[in-house]
Structure formats: structure tokens, C-alpha cells
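Colleague: need a 3D model of the sequence below.
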Amino acid sequence: MKIAVDKNTYHINKDKDKEYIYLFDDETLDELLKINMHCVYYKKCDYVDINLTDYDIDCIKKAKITDKDYTKITKQNYKYAIIVPNCNNDRGDYKGKSFLKNCIESVLNQTYKDFTLIIVDDCSTDTSVETIKSYKDNRIHLIQNKRKRYNGGSRNVGIDYALDNIDFDYFCFLDSDDWWKHNKVLETINNRLFNHDMALIGMELIDKNGVFMTKYHQYDNYENFFLSDNKVWCTAWARVIKKNKIVYFCEDTLMEDRVWSYRQADVIDNLDKVVNIKEPLYVWNRTNTTNSVSIVRNGYWDASAWCHIGHQLQLLDQLHHKEMIPILKKRIEVCKDKVNHNIYQQY
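Modeller: Numbers count the residues shown, from 1 in each chain. Next comes the predicted model:
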């Protein structure tokens, strides 16, 4: 992809995989020679790819070269299906409300209104269902599982419901004990999508002492993006996904996110189809220490570890990005070693 820059964006970090073209106006020849880039007079261009993400090369929009006011670039308004799996999270206390209420209200209070909130209750035994029903908002669609589906299965229920019943363009996900950071999260996402296949969003991680980590995705190449490890994390809530690119979650396991993130990355042709929004839009609530499956470890967690390894082995024969096969094989061996030494997490 060719990326055009001018004197206002010249300080961006150059990406060796991109070809940059410098658009000049009234610069002198001596100035242009110092730039050491291919230079084109801007009036000779019909349109140019203008970078819209604080000079990170990941969100591109075609615009007329004469339109230098980026605020005038037309943004498309998309429709969103927001899926929230829930089980017994009408509990806890954050700013005087339960985790579930904070989650629901963080969505309902968004300034961007074109969404449907699909809450899939996974056999709750607390007051969750009553609380959900107390919100008299026709954008909320409540589904009650008749059998236990866990997070992966519950999200799949929500995906099927959205595809069959709702007019929308993108999927969003939240966990019911987390919430969006402020009321302009969906507006921010919508303004940055520009028809990309996927958006990644940043987060704040909080515990009982407050915010102790702010983190963004910092991948450098497709391998980093695929592995969803230290530079990209695997959680569903970290992704906004185009309707026709969604893949289903692994079920019957507590480790549904990792292999799902591999599969989700595999349907993306290249990283130009992904926009990385480096803003903390999601609040990852780690004050929930008694109901989080990634904190509370038991026999089902141990069984899920082997199930997770099996899902990775199945994926090897299904990958579109064949260059990831040796990478995934190495990951599987790491997983096996950690399981055998009883130090397994969701690797």
C-alpha cells in the first residue's frame, strides 16, 4: 500500500512494509531533496489515502486531495450488535451499582445510539434476569439459556440471534462484569472504522485499588497479531468485528477466547483490514475475584486446558495463513509442557 504524507505528517515513524509518497505544495527543490522520498505535486493527484489515526498506519480513508480539513471527511454510521454473556454478575459494587448494572448502563448511555444490546443469561441463580428486565429499553434483547453454555456458547447464542433477527454491520462484545469507559466509546469506534474488517480497542485494568494498568495493542507484524499474546490480547471485548467476518467460539471450555482469536485473525487477509484504536475504551474489572473463571481455578479449568490444546491441534489443518502453522505448533508444545507441570494458564 502506498501512504501519502505531507509536511504536517512527515514526523511519523516509517514502516518498512509501506511505500510513502511525499505530497508537496510550495516547498523548494532543496527542501524536497532533503526529504529523500518520492515526491508528487498534490494537484496532480485525484485522491490520496489520508491517515486518520494520529499517524499510525492502520486506518485509511480515501479523500480528495483538496480537502485538507479532515473533519469534513464523511464518516459512515454503522449499526452494532453488542453481545454480553452473563452469569450471576448482578453483584459487587462499583460506584454504588452492581457489575451487571454498570455494564448495561455503560452501553445504554452511549451518545451513539444505533445499536442492539443482546444479553445472553447463562442460567443465573441471582437477580440478574430481574435486573435486566427492569431496563425498559427496546434496544435490549434478553435471551435465557435453557442449559449451561458458558461464555463461549453464550456468545455463540448471541451471534446466531443477531444474524437471524437484527439489521447490523459490526459485532461488539462485553463481559457482564466489565463496562465501557465513557459514553463516547461507540462514537469513537464508529468514527474510526471506515469499513475495516476489525477494530482493536485499548483498555484500563482496575482492581480494588483503582486503575493500575492502561494497555493498547502494539503488534508489529501479522505473527504478533495472530498470536494475541503480549502485544495483542485474545479477549472478545478487545475486538469489533464486521458481520461477515465473525467466527464462532469454542464451547465446553473455560478457555474460549484464545483459539477463537486465532481463527478470527485467520479470516483477516492482511493488517490493512484492521484498525488499532490506541485509546482506553474498555474497563477490565479485576475486582470480581469470586466469579471470574480466569481467576477462580478448579477441575473444570484443568480439563479446559487439555480441551484448549485439542482445539489448537484441530486448527492446524484449517489455517488459511499457512505461515502460522509452525508458529502455532510451537505454541502447542509450550501449552503441553505447562499442563504437564501443572502451571497452565490460557497460553
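
Colleague: could you use CA atoms for every contact and neighbour count after this?
Modeller: OK.

Colleague: what pLDDT does residue 108 get?
Modeller: Per-residue pLDDT puts residue 108 at 98.

Colleague: got the contact list for the residue lying closest to residue 250 once chain neighbours are set aside?
Modeller: Leaving aside its chain neighbours, residue 250 sits nearest to residue 256 (5.0 Å; criterion: Cα to Cα, 6 or more residues apart in numbering). If a contact means Cα atoms under 8 Å, 6 or more residues apart in numbering, then residue 256 has 151-152, 249-250, 308 as its contacts.

Colleague: before we move on, what about residue 132?
Modeller: Contacts of residue 132 by Cα under 8 Å, 6+ apart are residue 142.

Colleague: please report how far it lies from residue 139.
Modeller: 12 Å (Cα to Cα, to the nearest Å).

Colleague: cool, residue 112 as well?
Modeller: For residue 112 relative to residue 139 (Cα to Cα), the value is 13 Å.

Colleague: then residue 164?
Modeller: Taking Cα to Cα, one finds residue 164 at 16 Å from residue 139.

Colleague: repeat that for residue 100.
Modeller: Distance from residue 100 to residue 139, by Cα to Cα: 16 Å.

Colleague: of those two, who's got more company?
Modeller: The neighbour comparison of residue 100 against residue 139 (other Cα atoms under 10 Å) goes to residue 100, with 27 against 15.

Colleague: what helix or strand is the more buried one located in?
Modeller: helix 99-108 (DSSP states H and E).

Colleague: re the thing from before, which one of the contacts of residue 256 has the most neighbours?
Modeller: Result: residue 151 is most packed of the contacts of residue 256 (other Cα under 10 Å), 27 neighbours.

Colleague: pretty sure that residue is touching residue 257, no?
Modeller: No. Contact criterion Cα atoms under 8 Å: residue 151 and residue 257 do not qualify, at 9.1 Å.

Colleague: mind listing what residue 339 touches?
Modeller: Here residue 339 is in contact with 305-306 (criterion: Cα under 8 Å, 6+ apart).
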